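# Sharing a model that was predicted from the sequence below.
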Amino acid sequence: MLTVEHVGKELSGKLILHDVNLEFERGVYGLLAPNGAGKTTLIKLLATLLTPDAGAIRWDGEDIVGMGERYRSLIGYLPQDFGYYPNHSPRRFLKYIATLQGVPRDEIAPRIDELLAMVHLSDQADRKMRTLSGGMIRRVGIAQALIHRPRILLLDEPTAGLDPKERVRFRNIVHNLAADHIVVIATHIVSDLETIADRIVMLGDATVREADEPAAICERLEGRIYEVPSGYVLHDGQLKLSEIQRGGETAKRIYSPDPIPESADRGIESVHPGLEDAFLLTYRD
Ligand SMILES: Nc1ncnc2c1ncn2[C@@H]1O[C@H](COP(=O)(O)OP(=O)(O)OP(=O)(O)O)[C@@H](O)[C@H]1O
């Protein structure tokens, strides 16, 4: 198990994270927060690219900083911008990474074939990477992060720049990894996590605002999310979350701390809360 214990981090005198406590076991963890909330900083701490100023991160009780290479062999990391040679093919790039990661020589070729098949790139294996789509490049990124069979996979904004079809493909790949990996995905895109995250971690004010199963997060809002006509006047404590299209008209989705009587005539409808509602409520201005 990976545990984050009272971790704090400052960068250039600015407090980025404070008293962060988290536990990671197998499954998909969605690190969900707006830009600038400290997701990348936390991912870098988990990757030992940064070290905590306070507290510690432990793998099965042992400080990951002290574990050095023994810990690094356990992690696969896909940074926001991963560097690759545009003139290399995925196969050549993966061979290079496999060598760096110390994958035994006779295992490299079969491992690359296996990973290319897993990320649905077998057909593109020998094309120059500069000719591949953003989604294909991201999938090469996932493959390179997995090459040495890590237990922990750290993905920073992995779907940036992907089209909806590529996002679905990405979600399927991650879902299949969840059974025997800890997968930590940092993103500000709720829909990337909605169907695959076992737990959601929301960061805010330099610390953990929420860490729970998506269903539990949504359940806490049950009976408090409504769709109302655009002309509906908000009462005390009610908040507009988003604008939506309903029956060809613009309506709004709101949070109400107290129940509102439903009314078909007045177009007031209680709806099931989604993760997007929780996100918008947590990070309202
Ligand atoms: N080296 C640094 N020195 C000072 N401040 C920094 C440094 N690196 C990041 N920050 C600031 O720390 C905050 C958190 O950054 P971080 O990159 O961890 O956030 P994030 O949630 O990953 O957002 P993004 O998706 O924009 O990267 C931001 O306000 C950022 O400007």
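Perfect, I can see it now. Keep in mind that what you see is a predicted model, and the values were worked out from it rather than measured. Residues are numbered from 1 along each chain as shown.

# Can you get me a residue count around the residue lying closest to Lys128 once chain neighbours are set aside?
Nearest non-adjacent residue to Lys128, counting by C-beta to C-beta, 6 or more residues apart in numbering: Asn87, 5.5 Å away. (C-beta placed from N, C-alpha, C; glycine too.) Summarising burial for Asn87: neighbours were counted as other C-beta atoms under 10 Å, giving 11.

# Asn87 and Leu132 touch, don't they?
No: using C-beta atoms under 8 Å, Asn87 is not in contact with Leu132, being 12.0 Å away.

# OK, contacts around the residue sitting nearest the centre point of the chain?
The C-alpha lying nearest the average C-alpha coordinate of the chain belongs to Ile185 (C-alpha atoms, centre = their mean; 2.4 Å). Each residue near Ile185 by C-beta atoms under 8 Å, 6 or more residues apart in numbering is listed here: 28-31, 155, 158, 174, 192-193, 197.

# Ala143: which element?
helix 134-146 (DSSP states H and E).

# pLDDT at the residue nearest to Lys128, what is it?
pLDDT recorded at Asn87 is 96.

# what's the angle between the helix or strand bottoming out on mean pLDDT in the chain and helix 134-146?
Here the helix or strand of the chain ranked lowest by mean pLDDT, DSSP states H and E is helix 164-177, holding a mean of 87. Orientation check (axes from the mean of the first three to the mean of the last three C-alpha atoms, to 10 degrees): helix 164-177 against helix 134-146 gives 20 degrees.

# so how far is whichever helix or strand comes after helix 164-177 off the chain centroid?
The helix or strand immediately downstream of helix 164-177 is strand 182-187, counting by DSSP H and E. Centre-to-centre, strand 182-187 and its host chain are 4 Å apart (C-alpha atoms, centre = their mean, to the nearest Å).

# partners of strand 182-187 in the sheet?
strand 27-32 (parallel), strand 152-156 (parallel) (DSSP bridges).
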